[in-house]
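In: Need the 3D shape of this:
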Amino acid sequence: MRTGEPLPAIGDVLAALATGLWHWDTAAGLVIVDAEAARLLGLPAEATTLTEAQTRARLHPVDWNEITGVVPLAVAEGTLAEVRIRIMDEQGNILRVVRSRSKPSYDPERQAYQLIGTLQEVTEPTPGTQAARSAVTGDWRRSREAFLLDAGRALAEARSTAEVLRVAGGLSMPGFSPDGLVVFGVEGDRLTIIGQHGHQPGDLGPFSNMPLTTDYPAAQVARTGRAVYLSSPEEYKARYPVTWPLAQHFGRQSWAFLPLTVAGRTMGAWMAAFAYPVAFTPDERAVLATVARMLAQALSRAEATESERELTEGLQRSMLPSLGPEIPGMQVAARYIPTGGGLQVGGDWYDMIPLPSGRFALTVGDVQGHDVRAAGLMGQLRIALRAYASEGHRPDAVLSRASRFLHGITHDDQMADLRFATCVYVEADPVTGMLEIARAGHPDPAIRMADGTVMMRPTAGGLPLGIDPDADYPTTRFTLEPGETLMLCTDGLIETGGHDLDSGWRRLRAILEDHEGDLESLADTLVQGVHGPSSHHTVGPLTDRREDDIALVLLCRPGEGCGCGATVTVRPQVRRTLLSVAQDEPDRIAEARQHLRELLHDWAAAEQIDSAVLLVSEMVTNVLVHTDTDALLLAEVTGETRARRLRVQVTDTGDDLPHKRRPGELASSGRGLMLIELLADAWGVDPRGEGKSIWFELYEPDDVSEGGAVEGEASDGEASEGAA
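Out: Okay, the predicted model is just below:
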């Protein structure tokens, strides 16, 4: 055109540049486009007015959502809204890609947005080229979407503030990545630093505990909730001259300060600093704003989780006692481990109670459930047990009163939340080692003997506490010998990791027998064995692996072999068990059989174990049937493995000596001594000043087959074939 000629019409210029105009009024819900914009949208090339639904049908759904997200951001920041849009046909195919640039505004009275902008077709560049990494074209858009998805997933999985900060520090944004990150928090009227990445320790000291009134970008963001973008050092210095000297020595070229907002409350600010100039285009601002929102949500979740954990752990610690002063002649170790997940508080507890008699009591228990209600009942029940014990009641009376107490506070008019509790109560005499045990539906205690042998110690018991207010709890008495250790625990220690009571007990017994060290290290080894990293190699057979809390108490009577305070563990080659069976306790014969099986759990010949159990049952039964006295069972194992001797002795105060008889085929008794003579390697009857003792011995063979039978002896089947 020549000088002086008028400029062409704007519409002609835009048409020549393949650029269309569009106007969107969100209050009216209408979009007005000119002929070129209509052509770019895949419509006839003529000016027209479309509804929002008609316009949305021509755009890719993701890009429509992008427009609705960018518009409020551009209005808030006073910038242009620039979006890349894919135009679709009726079959869902992409016709072309256009770029929209608009200047949106907001009308508070109508509560609506208005946009006047342009649409211009863009060419999809070759992937991997410089053009493909631009802010509005190419595969940068797809990389950004993938980055936001990955960042959102990683931040959502973070469970603590430290994990959130570690994830935030490792974010690599597509096309532009900051080399310095700082997360600021707000405490009162002060700006604090929650975490940072890319700075040396001590570099951020001047920015910590800064008043919110300071002329500093993060303080302004925390006050106003509006983002601040600084594209150059000159802009930083011009807008914040007071704090520019503090930031100058870091050598950064661009900064973005974004609010961390959750539920309308600004909880802090996030700074992303760049070592190169960044223009902060609308796309880049959108990425930063999205990351800031996700970061704020993650920090809020982590803060709530940590507060809850701190509260519940503090509550549990306040409910569990310290073990108090040392006990002369005995050592005690205890552990409580919350493993059930969720609330780190539950119904497991332990306690040690000084008694008026000079003795002391140990209790371990578990209230049904793993919630705040269980924790509250546990606290009440523990205090009640301590009160009853301090009054001087015997173990059976303590549990009877505790059961009545728990029944009274859980069985109300509504009967909506009935609970019970299991408990084992041990009264110990530190001078003699005498233990008196009452048990309410709880796992039996275990004994680790001086030679390292471990056996379950069956004890008499009653119903769990709180079920029957008039329940009785019989007492079992035995002596903890020097060098022996008593273990009390909740079922969480036994069943954690998919175990039942049998398989879990076998795992614990192996840990107890293999350990060499003092009592504290034994407690740690037990917990690590079922809950630490090594426990993954000893999972149980059950597919349902719900975890439960662990309460553990160990009581040791120091002596040769226990390892308490000794550098070298020397274990004597003797193990024994002692059990009394009264005339009115015939059910304890089964307990005697179980005692002997536990004592012989590693005996080489399985057939001899069965023989010993049969003979013990016969001997104890004979005392109860043929005398009016009680039976006292003593079993001892001595010697080295594969060359040991079992001696079992049953003593009573009756005067009549047993006599061997020859019963007929139909006789129901009279075979006791015949069985002993057939199955035992040695036996005898010893008269005493008052009463008698009958005993037998079995010698462990050193040549045993894999099935537990003595090599060289024919099995029943082989004997039958030979006889035939």
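
In: Give the partner strands of the strand or helix carrying residue 478 in its sheet and their orientations.
Out: When secondary structure is defined using DSSP states H and E, the element that contains residue 478 is strand 475-479. Paired neighbours of strand 475-479 in the sheet (DSSP bridges): strand 434-440 (antiparallel).

In: How about the partner strand, which residues are buried there?
Out: Neighbour-count burial for strand 434-440 flags 435-440 (criterion: 16 or more other CB atoms under 10 Å). C-beta here means a position set from N, CA and C on the backbone, and glycine is covered the same way.

In: now those in JSON lines, with distance to residue 21 and pLDDT?
Out: What follows is the buried residues of strand 434-440, written out as JSON lines (distance: CB to CB, whole Å; pLDDT from 0 to 100):
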{"residue": "435", "distance to residue 21": "94", "pLDDT": "93"}
{"residue": "436", "distance to residue 21": "95", "pLDDT": "94"}
{"residue": "437", "distance to residue 21": "91", "pLDDT": "95"}
{"residue": "438", "distance to residue 21": "90", "pLDDT": "95"}
{"residue": "439", "distance to residue 21": "87", "pLDDT": "95"}
{"residue": "440", "distance to residue 21": "84", "pLDDT": "95"}
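
In: Identify each buried residue in the strand or helix carrying residue 119, please.
Out: Mapping residue 119 onto the secondary structure by DSSP H and E places it in strand 112-122. Using 16+ other CB under 10 Å as the test for burial, strand 112-122 gives 113-115, 117-122.

In: where does the stretch 401-550 of the chain dip in pLDDT?
Out: 413-416, 534-537, 543-547 (pLDDT under 70).

In: For it, which segments are assigned as helices?
Out: Listed from the start of the chain, the stretch 401-550 of the chain has helices (DSSP state H, counting those that start in this stretch) covering 491-495, 501-514, 519-531.

In: can you check the stretch 201-350 of the chain too?
Out: Along the stretch 201-350 of the chain, counting by DSSP H, counting those that start in this stretch, helices occupy 217-224, 233-239, 244-248, 282-319.

In: same check, this time on the stretch 1-150 of the chain
Out: Chain-ordered helices for the stretch 1-150 of the chain, with DSSP H, counting those that start in this stretch as the definition, fall at 10-16, 35-40, 52-58, 61-77, 140-157.

In: From the contact counts, what lies against the third one?
Out: For helix 52-58, the contact count by 3 or more CB pairs under 8 Å, 6 or more residues apart in numbering; DSSP states H and E identifies strand 30-33, strand 81-88 as packing neighbours.

In: For it, the averaged confidence score.
Out: Along helix 52-58, the predicted confidence averages to a pLDDT of 88.

In: residues in contact with it?
Out: Counting by CB atoms under 8 Å, 6 or more residues apart in numbering, the neighbours of helix 52-58 from elsewhere in the structure are 24, 26, 29-31, 41-43, 64, 87-88.

In: Please identify the most buried of the helices of the stretch 1-150 of the chain.
Out: With neighbours taken as mean count of other CB atoms under 10 Å, the helices of the stretch 1-150 of the chain reach their highest mean count in helix 35-40, at a mean of 22.

In: So what touches that one?
Out: By CB under 8 Å, 6+ apart, the surrounding residues in contact with helix 35-40 are 14-15, 18-22, 44-48, 87, 96, 98, 119-121.

In: And stretch 236-245, what's buried?
Out: 236, 240, 243-244.

In: coming back round to it: next, the buried residues of the strand holding residue 478.
Out: For strand 475-479, the neighbour count (16+ other CB under 10 Å) marks 475-476, 478 as buried.

In: Quick check: of the buried residues of stretch 236-245, which lies closest to residue 361?
Out: Nearest to residue 361 among those, counting by CB to CB, is residue 243 at 64.3 Å.

In: right, and that closest one touches residue 211 too?
Out: No. Using CB atoms under 8 Å, residue 243 makes no contact with residue 211, being 11.7 Å away.

In: can you tell me which of the helices of the stretch 201-350 of the chain comes nearest to residue 178?
Out: Taking CB to CB as the measure, those were each checked against residue 178, and helix 282-319 came out nearest at 9.0 Å.

In: Give the rounded mean pLDDT of the closest one.
Out: For helix 282-319, the mean pLDDT works out to 78.

In: list the helices and strands it packs on?
Out: Applying 3+ CB pairs under 8 Å, 6+ apart, one finds that helix 282-319 makes contact with helix 61-77, strand 81-88, helix 140-157, helix 161-169, strand 254-262, strand 265-274, helix 372-390.

In: so which of those comes closest to residue 406?
Out: Comparing the helices and strands packed on helix 282-319 against residue 406 with CB to CB, the closest turns out to be helix 372-390 (5.7 Å).

In: Residue 624: what's it in contact with?
Out: By CB under 8 Å, 6+ apart, residue 624 lies in contact with 581, 583, 586, 589, 631.

In: Now for the residue lying closest to residue 374 once chain neighbours are set aside, how many residues are close by?
Out: If the residues on either side of it in the chain are set aside, residue 374 comes closest to residue 347, at 3.5 Å by CB to CB, 6 or more residues apart in numbering. Using other CB atoms under 10 Å, residue 347 has 26 other residues around it.

In: Wait, residue 347 touches residue 375, no?
Out: Yes. Proximity of residue 347 to residue 375 meets the contact threshold set by CB under 8 Å, at 6.5 Å.

In: So for the two, which residues contact both of them?
Out: Between them, residue 347 and residue 375 share these contacting residues under CB under 8 Å, 6+ apart: residue 367.

In: partner strands of the helix or strand harbouring residue 194, parallel or antiparallel?
Out: Residue 194 is part of strand 190-197 when elements are defined by DSSP H and E. Each strand that strand 190-197 pairs with, and the sense of that pairing, follows from DSSP bridges: strand 180-187 (antiparallel), strand 210-211 (antiparallel).

In: picking up where we left off before, as a markdown table, the helices and strands packed on helix 52-58 with mean pLDDT and distance to residue 517 would be great.
Out: Shown next, in a markdown table, are those (pLDDT from 0 to 100; distance: least, CB to CB, whole Å):
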| stretch | mean pLDDT | distance to residue 517 |
| --- | --- | --- |
| strand 30-33 | 91 | 79 |
| strand 81-88 | 84 | 67 |
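
In: Pick the most deeply packed of these.
Out: Comparing the helices and strands packed on helix 52-58 on average neighbours per residue, with mean count of other CB under 10 Å, the densest one is strand 81-88 at a mean of 21.

In: Does anything pack onto it? Which helices or strands?
Out: If you count contacts as 3+ CB pairs under 8 Å, 6+ apart, strand 81-88 packs onto helix 52-58, helix 61-77, strand 94-107, strand 112-122, helix 282-319.

In: for these, which one sits closest to residue 251?
Out: helix 282-319 (20.8 Å).

In: In that closest one, which residues are buried?
Out: Burial within helix 282-319, assessed by neighbour count using 16+ other CB under 10 Å, is assigned to 282-303, 309, 312, 315-316, 319.

In: Below-threshold pLDDT in the stretch 201-350 of the chain: ranges please.
Out: Residues of the stretch 201-350 of the chain that meet the criterion pLDDT under 70 lie in 201-202, 308, 311-325, 339-346.

In: separation between the residue lying closest to residue 397 once chain neighbours are set aside and residue 423?
Out: Once its chain neighbours are removed from consideration, residue 397 has its nearest residue in residue 388; the separation is 7.3 Å (CB to CB, 6+ apart). In this view, residue 388 and residue 423 are 12 Å apart by CB to CB, to the nearest Å.

In: which residues do these two both contact?
Out: residue 402.

In: And those two? Which one has more around it.
Out: More neighbours sit around residue 423 than around the other of residue 388 and residue 423, counting by other CB under 10 Å; the figures are 29 against 20.

In: Helix, strand or coil: sort out the residue nearest to the more buried one when sequence neighbours are not counted for me.
Out: Nearest residue to residue 423 in three dimensions, chain neighbours excluded: residue 365, at 3.6 Å (CB to CB, 6+ apart). Applying DSSP: H, G, I helix; E, B strand; the rest coil to residue 365 yields a three-state assignment of strand.
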